[in-house]
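Student: I'd like to go over a predicted model; first the sequence, then the structure.
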Amino acid sequence: MTREQLHSLIRSKGSFLCVGLDTDLRKIPPHLLKEEDAAFAFNRAIIDATLPYAVAYKPNLAFYESRGLEGWRSLERTLEYLQQLEPRPFIIADAKRGDIGNTSEMYARAFFERLGADAVTLAPYMGKDSVAPFLGFEGKWAIVLALTSNEGSADFQLLRPGRRDRRDIFGKREKEKRPLYEYVIRKTVSWGNPDNLMFVVGATRAESLEGIRQLIPDHFLLVPG
């Protein structure tokens, strides 16, 4: 899905809503467990109920991979169902991959060519060669983890390493060192562009959103949590 198509979808629905599909068979309604594919039946019910409002759907791969071949089939059926809807929603594979070289290329092919996802969440800490393979597919997106919503994000993402930078992006002197997540954003934007690159910024980090928007005014943000 191109940037223009995503903009059009947002305008037509008057919404930015992304619905997570983190389907845990231990928590779904008991009557659905009688279905041949309980996870898919649950996902389909959620999708049908939210379709008038949702722009995007985001299955978390761990909830399917943990169930082996059966879970992978549930994921495939869910994505096939999403792809036949009109208007077709934006599909995010929440995989948080972060490997390099041929491995990264194979992940990209799996999610974009095999599963038909529009975007994949990625951990950027192995550098450019862990992200770049995902940027070579037309109409597809890399969603880079920048500042996440979990408590443990403070362990690394909020650290302020290195020497103090003398000037900020507006040419003004900075009073303190930048947090690590800001270095990640500044570096990563040079690998792609607003047509193929998004960033994860957790909703629990609302106080940082203004500064992040100054850094990347034209990129989409995925804001979970």
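Tutor: Yep, that arrived.
Student: only C-alpha atoms from now on, for both contacts and neighbour counts.
Tutor: Fine.
Student: ok, and what's touching the lowest-mean-pLDDT helix or strand in the chain?
Tutor: Lowest on mean pLDDT, DSSP states H and E among the helices and strands of the chain sits helix 206-215, with a mean of 90. With CA atoms under 8 Å, 6 or more residues apart in numbering as the test, helix 206-215 has contacts from Ile169, Glu182, Ile185, Arg186, Val201.
Student: the last one reaches Ala146, doesn't it?
Tutor: Going back to what we said before, that points to Val201. Yes. Taking contacts as CA atoms under 8 Å, Val201 lies within contact range of Ala146: 6.0 Å.
Student: which other helices and strands does the helix or strand harbouring Val184 contact?
Tutor: Assigned by DSSP states H and E, Val184 falls within helix 180-188. If contacts are counted by 3 or more CA pairs under 8 Å, 6 or more residues apart in numbering; DSSP states H and E, helix 180-188 sits against strand 141-147, helix 206-215.
Student: go again with 10 Å.
Tutor: strand 141-147, strand 197-201, helix 206-215 (3 or more CA pairs under 10 Å, 6 or more residues apart in numbering; DSSP states H and E).
Student: let me have those in TSV, extended by mean neighbour count and distance to Thr50.
Tutor: Formatted as TSV, the helices and strands packed on helix 180-188 follow (neighbours: other CA atoms under 10 Å; distance: least, CA to CA, whole Å):
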stretch	mean neighbour count	distance to Thr50
strand 141-147	26	23
strand 197-201	23	22
helix 206-215	13	25
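Student: kindly state which of those is positioned closest to Ile10.
Tutor: strand 197-201 (15.6 Å; CA to CA).
Student: give me the angle between the closest one and helix 180-188.
Tutor: 180 degrees (axes from the mean of the first three to the mean of the last three CA atoms, to 10 degrees).
Student: just the helices in the chain please.
Tutor: 3-13, 38-50, 62-65, 68-83, 101-109, 180-188, 206-215 (DSSP state H).
Student: next, the angle from the last one to strand 197-201.
Tutor: When you say that, I think you mean helix 206-215. Using the same axes, to 10 degrees, helix 206-215 lies at 160 degrees relative to strand 197-201.
Student: now do Phe134, the pLDDT please.
Tutor: At Phe134, the model reports a pLDDT of 97.
Student: can you pull the contacts of it?
Tutor: 104-109, 111-112, 119-120, 122, 140-143, 192, 196-197 (CA atoms under 10 Å, 6 or more residues apart in numbering).
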